[in-house]
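Undergrad: attaching a predicted model along with its sequence, questions to come.
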Amino acid sequence: MATKKIVLIDRDGVINRDREDDYVRHPEQLEVLPAALQGIKKLTDAGCRISIVSNQAGIAKGLYTSPMLDRITTKMLQAIEVAGGKIASVHYCPHQTADDCACRKPKTGLLEQAVPAHVDRSAVYLVGDSERDVTAGKRFGCRTILVLSGKTKTAAEVQAFVSQPDFVAADLRDAAERIILAPA
């Protein structure tokens with residue numbers, strides 16, 4: 001029996017539209033990307049276990065509260081469920097870089113929370129939109145896919161990364177197709 005693929009997905013810029021120099025502070029500001037909903041449904045239908053792993057420094061910066069983040073997350077999960085997707089778990093780092101925590105990507109704490117210790121990391125994929133995501137995935141020992149739907153917009157930008165992704169995809173739907181087609 002093939003190992004079940006585990007897909008870790010960053011939130012801002014991958015699942016929802018990145019607000020560039022701002023944070024999603026209220027549920028009304030969350031704009032879930034149609035390609036993300038389609039990608040999560042494809043991954044769900046293929047039997048993948050999906051978790052969200054996202055830095056949310058806006059909490060430490062006092063821009064929104066944990067209860068507000070819970071409301072934003074509820075709206076996101078409802079949209080995913082309506083589209084036919086299923087999320088196994090959600091993991092957030094509420095700290096900012098200066099806090100030097102173990103969970104803020106590019107460190108691997110969030111990934112360690114999301115993936116059971118006994119899992120073969122070659123069956124794990126991290127989908128993100130920044131070099132920080134790719135670096136976290138590389139440090140964790142999983143496959144990485146960078147999507148061009150968020151912070152990173154062009155393949156030319158990726159060439160300047162120190163940590164290179166295993167794949168570059170247009171969006172989460174494109175990434176999902178690559179994951180599903182990849183050998184386990």
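TA: Arrived safely.
Undergrad: longest helix in the protein, please.
TA: Determined from DSSP state H, the single longest helix within the chain is helix 66-82.
Undergrad: from the contact counts, what lies against that one?
TA: In terms of contacts (3 or more Cβ pairs under 8 Å, 6 or more residues apart in numbering; DSSP states H and E), helix 66-82 is packed against helix 34-45, strand 89-93. Quick note: C-beta positions are derived from backbone N, CA and C, even for glycine.
Undergrad: could I get the ones you listed as JSON lines with mean pLDDT?
TA: Shown next, in JSON lines, are the helices and strands packed on helix 66-82 (pLDDT from 0 to 100):
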{"stretch": "helix 34-45", "mean pLDDT": "98"}
{"stretch": "strand 89-93", "mean pLDDT": "98"}
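Undergrad: so which of those is the most surrounded?
TA: helix 34-45 (a mean of 21; mean count of other Cβ atoms under 10 Å).
Undergrad: what's the following helix or strand after it?
TA: Sequence-wise, the next helix or strand downstream of helix 34-45 (DSSP states H and E) is strand 49-55.
Undergrad: what's in contact with that following strand?
TA: Outside of strand 49-55, the residues within contact range by Cβ atoms under 8 Å, 6 or more residues apart in numbering are 4-12, 15, 40, 43-44, 85-93, 104-105, 110-111, 113-115, 126, 132.
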